[in-house]
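**Q** Attaching a predicted model along with its sequence, questions to come.
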Amino acid sequence: MSLSGLSFPYSAVNQCPKRVFFQHISRTFYNNEDKVILEDAGIWITPLDYLGIQPFSDVPVFKKALLAPQEGVYGGFPYYVPLRHLMRNSWYLPGPPPQVTTSPLEVKLLAKEWHNQVYTFKFLLSGPDHMTVYLSPASGVALLTSSLGPLYPIADHDGGDRVTYFIYYSHGVDTGPWELSLDLVAQSDLPAKSSLLDFAVAAQYIHGKESSSPFLKEVMHVTPDWIFANFWVDTYKSWSFTT
């Protein structure tokens, strides 16, 4: 006899928590000319089981949460680990942006060069001691090499015919900004303004004073006690580069 689904599965007393990631994020999307085309902010909610936010959707603050759109390189959100294919649904609670003053995310394009169908990008990245990079060459464009050596694509079932790469960068002692270079090769001559590379960087503030915010604390305060929450702050920036 099976009673599965007939009783509430979560309990703080019986140590049966529901595990959820809460990330207070700001997102900025840029075009090839480095012009901002979209900005938003809020708390990105990723439940780690199939019931999603349904068990706590009656909490007033979560009634404003929307299903998170998956648009852009690797869904357009600051995944901490490359497990998008396992985290099928997430939600976005709009709100004020986090105010980060220590080790803010800075991304500079030092060079963009072209020679014999090979495009070279050189970036200078600075931020906290945990950062993630997401990149996806356009269809018909392949990653030839990088300053980090060979990169291997990750599983991304929603990426269509494009390949996605995930870089996790972390350090102990701060050594300053780090330079990342990428060489891309086109399979044929690309017309002007053709899509070339989607590139994004996330600063992951997982400890210290920057890892929380007033809005995040406000949401955590009304979260049921049977939720085991991992929460932190992110700044996310994304670019769509063309020829």
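**A** It's in.
**Q** For the rest of this, base every contact and every neighbour count on C-alpha atoms.
**A** Noted.
**Q** Quick check: beta-bridge partners of Leu38?
**A** Note on Leu38: beta-bridge partners by DSSP bridges are Phe29.
**Q** for Tyr165, that is, sorry about that
**A** In beta-bridge terms (that is, DSSP bridges), Tyr165 pairs with Leu135.
**Q** what number of residues lie near it?
**A** Per other CA atoms under 10 Å, the neighbour tally for Tyr165 reads 20.
**Q** Of all residues in this structure, which one is nearest the centre?
**A** Computing the C-alpha centroid of the chain and ranking residues by CA atoms, centre = their mean puts Pro78 first, at 1.3 Å.
**Q** residue boundaries of the strands in this protein?
**A** Assigned by DSSP state E, the strands in the chain fall at 18-30, 36-47, 66-67, 91-94, 106-115, 118-126, 130-137, 141-146, 165-170, 178-186, 195-205, 227-242.
**Q** How far does the third one sit from its chain's centre?
**A** A distance of 16 Å separates the C-alpha centroid of strand 66-67 from that of its chain, computed with CA atoms, centre = their mean, to the nearest Å.
**Q** Pick the most buried one from the strands of the chain.
**A** strand 195-205 (a mean of 24; mean count of other CA atoms under 10 Å).
**Q** Dump that one to CSV, keeping only the CA atoms.
**A** Listed next in CSV are the C-alpha coordinates belonging to strand 195-205 (Å, rounded to 0.1, in the frame of the first residue of the first chain):
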residue,chain,number,x,y,z
SER,A,195,25.9,36.5,-34.5
LEU,A,196,29.3,35.5,-33.2
LEU,A,197,29.4,34.9,-29.4
ASP,A,198,27.2,35.1,-26.4
PHE,A,199,29.3,35.8,-23.3
ALA,A,200,28.3,36.3,-19.7
VAL,A,201,30.0,36.6,-16.3
ALA,A,202,28.5,36.3,-12.8
ALA,A,203,30.0,37.5,-9.6
GLN,A,204,29.0,35.0,-6.8
TYR,A,205,29.0,36.7,-3.4
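**Q** same for that strand, what does it pack against?
**A** Where contact means 3 or more CA pairs under 8 Å, 6 or more residues apart in numbering; DSSP states H and E, strand 195-205 is packed against strand 130-137, strand 227-242.
**Q** Tabulate these in CSV, adding columns for mean pLDDT.
**A** Shown next, in CSV, are those (pLDDT from 0 to 100):
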stretch, mean pLDDT
strand 130-137, 98
strand 227-242, 98
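**Q** residue ranges with poor pLDDT in the chain?
**A** Residues of the chain meeting the criterion pLDDT under 70: 1-6.
**Q** Please repeat the previous calculation with a cut-off of 50.
**A** Within the chain, the ranges that satisfy pLDDT under 50 run 1-2.
**Q** if we can go back for a sec, how much space between the residue nearest to the centre of the chain and Thr235?
**A** 8 Å (CA to CA, to the nearest Å).
**Q** and what of His207?
**A** For His207 relative to Thr235 (CA to CA), the value is 14 Å.
**Q** and Phe21, what is it in contact with?
**A** Residues counted as contacts of Phe21 (CA atoms under 8 Å, 6 or more residues apart in numbering) are Trp44, Ile45, Thr46, Pro47, Leu48, Ala229, Asn230, Phe231.
**Q** doesn't Ala41 make contact with Arg27?
**A** Yes - between Arg27 and Ala41 there is a contact under CA atoms under 8 Å: 6.1 Å.
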